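K.L.:
Next come a sequence and a model predicted from it.
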Amino acid sequence: MKILVIQESDWLERNPHQQHHLMDRMNVKGHDIKVIDYPIDWNKDKEKKGLIYPREVYDNVYKVDNRASIQVIRPSFIKIPVLNYLSLYFSHKKEIEKEVNDFQPDVIVALGLLNAYIGSKIAKKHKIPFLYYLIDVLYRLIPEKVFQYFGKMINKKAIANSDMVITINQRLKELAIELGSDEDNTLVIDAGIDLNQFNPALDDSNIRGEYDISKEEYVLFFMGWIYDFAGMKELAIELGKNKDKFKHMKIILVGDGDAYEDMIKIKKEHNLRNQLILTGKQPYTKIPEFLAMADFCLLPAYKDEEIMQDIVPIKLYEYLAMKKVVLATNLPGIFREFGENNGIVYINEAKEVLNIIQQIIDNNNYEDIANAGRDFVKSNDWENITNNFEKTLRNLIKEYK
C-alpha cells in the first residue's frame, strides 16, 4: 500500500505524536509512505536566510522505530506572516499534484487544514480515497486568532470532501460530526501505547541517580510542550511559596516551549534549585525511563483554554500504562474519554496539585488509583491499533474501487 500523508506541522522536530507512531509501524509492516509537512516554527530558524524557505527532502526518516524509512517533503513558502499561508497554498498544491502523479498513492491521509482541503480536491480529481485523520481541533491551533474562523470553514470543507474521517477519541468524533462528517463514515481508532516499552516494572535507579532524587522523594512529572496555559508556572510558584511544607516533592519538566524561559525565572526567583528540574528536550527513547521515576504525572492546564477543550493527549495513555497517578484539570475531552475512577484525579486548577497529592499519600490509596489506570489502557497496544488502522485503509481502498 502506498500512503501519502499531508500535514501542516513539523514531522521532524516535535515529540512523537499519534501519526508518527502509526506511520512508522505501518512502514515497518511493508507499506510505502511519503509525508508532506510544514515547519510550523520556521520563524525561529535563524540558519535559513532570505524571504523564501527552500524546498527540502528528507530520506530515511523515523520517529519511534529505527526500522522505519519514510520520506518527508517540505515545500517552499514565503517567510512573511500571512503571505506564508498564501504561498503554502500554491506550493503544497503543486507538491501534492507532483506526488500523486509520481508516487501514485493508493490513499491520501490528511492531518492538516489548508493542505488537507487542497489534498481532498486533488484526491477527488484523481479518484483516490481520501481519509481525514483528526487528532486535534486544528483551527484552534492557528496562532493568529483572526484566521481561526476561516480555519474552521476550511476544516468543514475538507471534512465534506472526505471519504472517511478517523478520530482518536469520542469527543473528537462528536466534533467531526458537528463539523459535517457523516456519522457512518466517522470512526474512532484509539490512541496507542507500546506496552513493552512503557512497562511499570522498568528500573528507575539510574535516572534517579542522574538527577539526585532519593526513593523517599516524590516526583511530579510533566513532559511535552510547555504552553503558557499549561499550568506549570502556577504550580512551580505554589511550590516556591510552600517549599518547606512540600520539601519531599520535586517537579521535573521534560521538554521546552513558550513558557520555558518563565520556568527558569521562577526557579531562580523562588530558590527552587533542587525542587524544580528543567531537563529541556530529551530523546523519546528515554521517556519511559523518566516515567519510571515519576510518581505523579501532570496535566494541570487552564480549564477555560479553548485549545484544550476537546483533545486527549497521547501522553495520558503512556502515563497510565506506566501505572502512574495522573492529575489533570477536568477538561471535557479528557473526562469524556476516561471518566471517573480510571487512573485520573481531576482538579480545577494547578494550585490544587500539591495538596491533593499529599491527600493521596496520606490516604494510602495511590496503588488503587494507579492500578485502575493501567487496567483502563491495557487494551490500547500499538499492534492492535496499527492492525485496525491498516484494515480500515484496505477496506476504504477496496470500497472505493
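P.N.:
Happy to help now that I have it. Just so it is clear, the model here is predicted, and its values are computed rather than measured.
K.L.:
Would you mark the buried spots in stretch 220-228?
P.N.:
Residues of stretch 220-228 classed as buried: 220-224, 226-227 (neighbour count, 16 or more other Cβ atoms under 10 Å). Placement of C-beta: from N, CA and C, glycine included.
K.L.:
Compute the first-to-last residue distance for it.
P.N.:
Terminal residues of stretch 220-228 are spaced 18 Å apart (Cα to Cα, to the nearest Å).
K.L.:
Where do the helices of the protein begin and end?
P.N.:
In the chain, the segments counted as helices under DSSP state H are 18-28, 83-102, 114-126, 148-160, 170-178, 205-210, 232-241, 260-269, 287-293, 314-321, 332-338, 353-363, 366-377, 382-400.
K.L.:
how far is the first one from where the chain is centred?
P.N.:
Distance of helix 18-28 from its chain centroid, counting by Cα atoms, centre = their mean, to the nearest Å, is 14 Å.
K.L.:
One more: the fifth one?
P.N.:
Chain-centre distance of helix 170-178: 18 Å, with Cα atoms, centre = their mean.
K.L.:
Which elements pack onto that helix?
P.N.:
Judged by 3 or more Cβ pairs under 8 Å, 6 or more residues apart in numbering; DSSP states H and E, helix 170-178 is in contact with strand 130-134, strand 164-167, strand 186-188, helix 332-338.
K.L.:
and if we set it to 6 Å?
P.N.:
strand 164-167, strand 186-188, helix 332-338 (3 or more Cβ pairs under 6 Å, 6 or more residues apart in numbering; DSSP states H and E).
K.L.:
got the buried residues for it?
P.N.:
171-176.
K.L.:
For it, what does the pLDDT average out to?
P.N.:
Helix 170-178 carries an average pLDDT of 86.
K.L.:
Contacts for it next, please.
P.N.:
Residues outside helix 170-178 that contact it (Cβ atoms under 6 Å, 6 or more residues apart in numbering): 134, 165, 167, 183, 186, 188, 310, 333, 336.
K.L.:
Ranking helices and strands of the chain by mean pLDDT, which lands last?
P.N.:
Within the chain, confidence by mean pLDDT, DSSP states H and E is lowest for helix 148-160 among all helices and strands, at a mean of 83.
K.L.:
what angle sits between that one and helix 114-126?
P.N.:
Angle, helix 148-160 to helix 114-126, by axes from the mean of the first three to the mean of the last three Cα atoms, to 10 degrees: 30 degrees.
K.L.:
What residues of helix 148-160 count as buried?
P.N.:
Using 16+ other Cβ under 10 Å as the test for burial, helix 148-160 gives 148, 151-152, 154-159.
K.L.:
do the same with stretch 56-67
P.N.:
Buried residues in stretch 56-67, counted by 16+ other Cβ under 10 Å: 61-65.
K.L.:
what do you get for stretch 327-334?
P.N.:
Per 16+ other Cβ under 10 Å, stretch 327-334 contains these buried residues: 327-329, 331, 333-334.
K.L.:
From Trp382, how far out is Arg67?
P.N.:
Distance of Arg67 to Trp382, computed by Cβ to Cβ, to the nearest Å: 14 Å.
K.L.:
my bad, should have said Phe198
P.N.:
Phe198 is 10 Å from Trp382, by Cβ to Cβ.
K.L.:
Glu289 too?
P.N.:
Using Cβ to Cβ, Glu289 is found at 19 Å from Trp382.
K.L.:
neighbour count winner among the two?
P.N.:
Each of Glu289 and Trp382 has its neighbours counted (other Cβ atoms under 10 Å); Trp382 has more, 20 against 17.
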